[in-house]
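Colleague: Sequence and predicted structure, then a few things I'm wondering about:
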Amino acid sequence: MAGRRCLYLAVLALCAGFYVAYDQWLAWFLLILVLALPWFSLLLSLPAMIRFRAEPSGPEKLEMGQEGQLWLLGSCPLPMPPFRGRLRLQDLLTGKQWYYQEPEDLSTAHCGGIAMAAEKIRICDYLGLFAFPAKSTGKRVLLVRPKPVNIPRLRLPGQYVPKAWKPKTGTWGENHELRLYRPGDSMNQIHWKLSAKTGKLMIRQPMEPVQGLLLVTANLRGTRQELDRLLGRLLWLGRMLLKQNLAFELRVLTGKGLLTFPIGEEDGLMQAIDTLLCSPMAPEGDLRQQQYAADWYCHVGGDADEA
C-alpha cells in the first residue's frame, strides 16, 4: 500500500506542477480529477469493505512429512478489494504459537492439531490508498496425523476368552444352548428330535460370546518426539487389535482430564486420535499407578525404550 500511495503522490505532484505551469482548464480539470479520485475509490469500495470477511484456509488433514500450504482467504459478494493480514498458528498439544509466512510450506515434522487464526486484517479501497481493520470468521484446525509406530516387545491377545455368553439375534450360530420353547420364538429354532424325545418343545438358542475388557492407557505428556511416538504407537496398537476383530477401550490422561474412548472400528480409532491431537498435554498424573479390572491391559508410553 505504501507503494501505491507514493505513486499517487507522484501523479498528484505532476498534475499540480502541470497546473502551475499551464494555467488552463485542462490542467485544472486533471488536478481536480486526481484530487477526487481517492475519495471516489473509497466511496465505491465501501459496500465491499463492509461485507468483507477473511478466514484461514488450507487442507483439513495431513500426515507427518506431507507437504501442505496455508493461505488467507477473503470472501465478499462484490468485487474483492485488496487486503492483507497474517496467520497465527498454535500447536494445540504444546501450546506453542508462531506466525505463518506465505507461501512457505507448512512444517509437518511433528503430529498434532494446529489452530489457524487470521490476525491484523486490513481491507483497502480499490486503489489501495486507504486501509481499515476487517473481521475474520474465526479459527480453523489442521490435523497432522501420526505415522504408525511398531511396539516390538508387546504380546497382543491372540484370541480373547469370552467372559460370558449372550443370546444372538438370528436363527444360526456356531454356539447355542437348549431351552424350552417360549411364545414368540421362531419355529426354525425348534430342535425337533429333542422335542420328540422329551415330549416338550425345545429351542436351539444361538449364543455369542461377551468379550472381556481390553484396556489401553496412556499419559499425553513428553517432548515433541515422545508425543509423536506415543500417538504413533496408539495408532499402530489400535489397528492391530481391530485387525483381530477385538474391540477395546482407550483411556488417555490429558490436560482436559481423563478421556475415554470405546473403540470397535477404524473410524472410531481415528476420531480418538484426532481428539488427542487437539488436546493439551497433561500437567501431572500417571495412569500406570492405578489398578484396572481388565482381561488384557497395556500402557503405552512415548519414551524410545518404553512400550
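Modeller: Nice, I can see it.
Colleague: When you work out contacts or count neighbours from here on, use the C-alpha atoms and nothing else.
Modeller: Noted.
Colleague: Now do the helices for this structure: every range, in order, please.
Modeller: 2-21, 25-51, 192-198, 224-243, 266-277 (DSSP state H).
Colleague: what mean pLDDT would you report for the second one?
Modeller: Averaged across helix 25-51, pLDDT comes to 85.
Colleague: Can you convert the helices of the chain into CSV and add a column each for mean neighbour count?
Modeller: Compiled in CSV, the helices of the chain are given as follows (neighbours: other C-alpha atoms under 10 Å):
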stretch, mean neighbour count
helix 2-21, 14
helix 25-51, 16
helix 192-198, 13
helix 224-243, 21
helix 266-277, 18
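Colleague: Which among the ones you listed is found nearest to Gln205?
Modeller: Across those, Gln205 has its closest neighbour in helix 192-198 (13.4 Å, C-alpha to C-alpha).
Colleague: Which other helices and strands does the closest one contact?
Modeller: Counting contacts by 3 or more C-alpha pairs under 8 Å, 6 or more residues apart in numbering; DSSP states H and E, helix 192-198 is packed against strand 202-210.
Colleague: Now do the contacts for the spatially most central residue of the chain.
Modeller: Central residue of the chain (C-alpha atoms, centre = their mean): Leu143, 4.2 Å from the mean position. Counting by C-alpha atoms under 8 Å, 6 or more residues apart in numbering, Leu143 makes contact with Glu60, Lys61, Leu62, Cys111, Gly112, Gly113, Ile114, Asp274, Leu277.
Colleague: The fifth one - nearest residue in space that isn't next to it in sequence?
Modeller: Read that as Gly112. By the measure of C-alpha to C-alpha, 6 or more residues apart in numbering, the closest residue to Gly112 outside its immediate chain neighbours is Leu277, 4.5 Å from it.
Colleague: Is the nearest residue to Arg140 once chain neighbours are set aside bridged to anything, and to what?
Modeller: Nearest residue to Arg140 in three dimensions, chain neighbours excluded: Met116, at 5.1 Å (C-alpha to C-alpha, 6+ apart). In this entry, Met116 is beta-bridged to Leu89, Arg140, by DSSP bridges.
Colleague: Met116 reaches Leu92, doesn't it?
Modeller: No: using C-alpha atoms under 8 Å, Met116 is not in contact with Leu92, being 10.4 Å away.
Colleague: more neighbours, those two?
Modeller: Met116 (25 against 20; other C-alpha atoms under 10 Å).
Colleague: Nearest to Leu250 among the contacts of Leu143?
Modeller: For the contacts of Leu143, the nearest to Leu250 is Asp274 (13.3 Å; C-alpha to C-alpha).
Colleague: show me what contacts the closest one?
Modeller: Taking C-alpha under 8 Å, 6+ apart, one finds Gly113, Leu143, Arg145 in contact with Asp274.
Colleague: Ala54 pairs with what?
Modeller: Residues in beta-bridge contact with Ala54 (DSSP bridges): Gly74, Ser136.
Colleague: Distance of it relative to Glu60?
Modeller: 17 Å (C-alpha to C-alpha, to the nearest Å).
Colleague: Perfect, I'm done here.
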